[in-house]
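# No sequence on hand, only this structure:
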């Protein structure tokens with residue numbers, strides 16, 4: 001953008017309304033509302049106390065992003081499905097430590113023409129209000145600026161996988177609960193978020209692997225926070241992980257579709273459904289409001305060299321081991337082991353699989369995915385498969 005263009009104040013100001021910094025953790029978001037007017041779309045965030053906030057726009061796709069301090073989200077599940085006027089959809093949650101975020105997907109180019117806080121009155125708490133008006137693409141592009149940078153840990157240098165370990169060495173399994181924070185993932189029939197299902201499942205898998213005592217286990221995230229896809233890969237490589245397991249639970253328009261599946265990396269998807277799923281999951285960083293333009297995809301550049309092909313073979317071996325263990329507990333899709341280009345599976349030196357445990361859009365799968373007993377049983381099965389995989393590498 002030319003240096004002479006002066007950005008509208010609305011996109012560069014940080015708003016402050018009398019709350020002390022120490023009170024941020026106690027602030028609660030109670031509801032999100034959308035109002036449709038003839039000349040604007042109004043977004044309203046109901047809070048327990050005033051906050052400061054910062055807003056900016058992102059293009060391709062068109063989005064308005066609002067950053068806030070770290071607040072507690074107690075909005076009704078239906079809020080995640082709200083849309084109307086110029087707003088096509090929205091997401092909310094923690095973006096990074098100390099920083100919450102709301103992302104508004106727009107149906108077309110639009111700018112915030114007014115933003116303010118309505119003070120508490122008549123028993124109602126304060127409200128953050130954004131008025132969004134439709135504009136031309138040219139007018140929208142003039143409002144763009146670089147969003148706050150998200151720190152991403154550098155990836156470790158490539159190393160060859162070494163499946164045969166010394167008897168005293170316990171292999172490390174990195175467990176990746178999908179989505180998190182401002183990226184809720186799929187939303188179930190009852191309103192449950194995929195990010196919460198995967199975190200509970202990830203904790204159970206770590207517990208089950210640790211209880212067996214033959215491998216170590218870590219989580220990429222231990223709470224409801226957003227982690228960019230490439231950082232998840234970098235975390236596994238930096239930790240020297242011997243296996244990477246990403247946990248997910250999809251949703252689809254057809255509520256009759258159900259069943260789990262296991263995916264490993266391939267440059268060519270095994271079918272159109274797998275390609276579509278990978279494309280959907282690979283949008284997680286965009287969903288959370290990251291600006292990926294000009295991003296140097298270091299992982300992709302490494303894929304064509306060194307150990308990627310060998311690593312993919314080990315990934316497929318683990319997937320083959322995993323299928324019969326899971327089939328005893330959950331309904332599996334036809335051809336349960338599939339291939340696609342998931343970003344989160346692209347560590348060139350860490351065998352990696354993505355497990356779709358089922359569909360939150362199907363009532364039977366959702367009941368299974370929200371049942372603590374099912375979690376424990378599935379986690380134990382995955383732990384047994386992990387143990388069998390590493391035992392086979394030693395033989």
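Yep, it's here. Quantities reported herein were computed from a predicted structural model and do not represent experimental measurements.

# alpha carbons only for contacts and neighbour counts from here, please
Noted.

# residues making contact with stretch 249-256?
185-188, 194, 197-198, 356-363 (Cα atoms under 8 Å, 6 or more residues apart in numbering).

# Next step: these restricted to strands.
Per DSSP state E, strands hold the following members of those: 356-359.

# Columns neighbour count and distance to residue 59 on top of those residues, output as TSV?
Converted to TSV, those look like this (neighbours: other Cα atoms under 10 Å; distance: Cα to Cα, whole Å):
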residue	neighbour count	distance to residue 59
356	21	30
357	27	33
358	25	33
359	28	31
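
# ranges for the strands of the stretch 251-395 of the chain?
Under the criterion DSSP state E, counting those that start in this stretch, the stretch 251-395 of the chain contains strands at 260-265, 332-340, 352-359.

# got CSV for those strands, with distance to residue 324 too?
Output for the strands of the stretch 251-395 of the chain, formatted as CSV (distance: least, Cα to Cα, whole Å):
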stretch, distance to residue 324
strand 260-265, 11
strand 332-340, 10
strand 352-359, 13
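
# comparing those, which gets the lowest mean pLDDT score?
Lowest mean pLDDT of those: strand 332-340, a mean of 89.

# So in the chain, which helix runs the longest?
When the chain is parsed with DSSP state H, its longest helix is helix 372-394.

# Between strand 352-359 and that helix, find me the angle.
160 degrees (axes from the mean of the first three to the mean of the last three Cα atoms, to 10 degrees).

# which secondary structure elements does helix 372-394 contact?
Judged by 3 or more Cα pairs under 8 Å, 6 or more residues apart in numbering; DSSP states H and E, helix 372-394 is in contact with helix 194-212, helix 308-327.

# Helices of the chain, residue ranges please.
137-141, 194-212, 229-238, 272-281, 284-287, 298-303, 308-327, 363-369, 372-394.

# and these as CSV, adding mean neighbour count and mean pLDDT?
Compiled in CSV, these are given as follows (neighbours: other Cα atoms under 10 Å; pLDDT from 0 to 100):
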stretch, mean neighbour count, mean pLDDT
helix 137-141, 14, 92
helix 194-212, 22, 97
helix 229-238, 22, 92
helix 272-281, 15, 74
helix 284-287, 20, 71
helix 298-303, 14, 46
helix 308-327, 20, 90
helix 363-369, 19, 95
helix 372-394, 18, 94
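
# would a markdown table of those with distance to residue 33 be doable?
A markdown table is the format used below for the helices of the chain (distance: least, Cα to Cα, whole Å):
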| stretch | distance to residue 33 |
| --- | --- |
| helix 137-141 | 24 |
| helix 194-212 | 22 |
| helix 229-238 | 30 |
| helix 272-281 | 26 |
| helix 284-287 | 20 |
| helix 298-303 | 40 |
| helix 308-327 | 41 |
| helix 363-369 | 27 |
| helix 372-394 | 33 |
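
# Of the ones you listed, which is nearest residue 78?
Residue 78 lies closest to helix 194-212 among the helices of the chain, at 14.4 Å (Cα to Cα).

# List the contacts of the closest one.
175-181, 183-188, 215-219, 221-224, 247-250, 360, 369-370, 375-376, 379-380, 382-384, 386.

# And for stretch 108-125?
Contacts for stretch 108-125 (Cα under 8 Å, 6+ apart): 10-11, 17, 46-50, 57, 62, 64, 86, 126-137, 140, 143.

# what about residue 63, neighbour count?
Per other Cα atoms under 10 Å, the neighbour tally for residue 63 reads 26.

# Find the nearest non-adjacent residue to it, please.
residue 105 (4.7 Å; Cα to Cα, 6 or more residues apart in numbering).

# That neighbour - how many residues pack around it?
When neighbours are counted by other Cα under 10 Å, residue 105 comes out with 21.

# Tell me how far it lies from residue 139.
From residue 105 over to residue 139 the distance is 17 Å, taken as Cα to Cα, to the nearest Å.

# Kindly report the same for residue 37.
21 Å.

# right, and residue 96 touches residue 223 too?
No - using Cα atoms under 8 Å, residue 96 is not in contact with residue 223, being 11.1 Å away.

# List only those of the contacts of helix 194-212 flagged as buried.
175-181, 183-188, 215-219, 221, 223-224, 247-250, 360, 369-370, 375-376, 379-380, 382-384, 386 (16 or more other Cα atoms under 10 Å).

# which residue packs closest to residue 364, ignoring adjacent ones?
residue 258 (7.9 Å).

# what sits against that neighbour?
By Cα under 8 Å, 6+ apart, the residues touching residue 258 are 331-333, 358-359, 362, 364-365.

# got it, and residue 373?
Counting by Cα under 8 Å, 6+ apart, residue 373 has no contacts.

# and what of the one 3 residues further on?
In this structure, residue 376 makes contact with 204-205, 208, judged by Cα under 8 Å, 6+ apart.

# Next one: it from residue 324, what distance?
From residue 376 to residue 324 the distance is 17 Å (Cα to Cα).

# So, low pLDDT: which residues of the stretch 51-200 of the chain?
The model of the stretch 51-200 of the chain has pLDDT under 70 over residues 145-168.

# Now do the strands in it.
53-58, 63-69, 72-73, 87-96, 99-106, 110-118, 127-134, 172-177.

# tell me the most buried of those strands?
strand 172-177 (a mean of 25; mean count of other Cα atoms under 10 Å).

# Now do the domain split for this structure, please.
Domain ranges of the chain: 9-141, 172-394, per automatic domain parsing.

# tell me how far the last one is from the chain's mean position?
Per Cα atoms, centre = their mean, to the nearest Å, the displacement of domain 172-394 from the mean C-alpha position of its chain is 11 Å.
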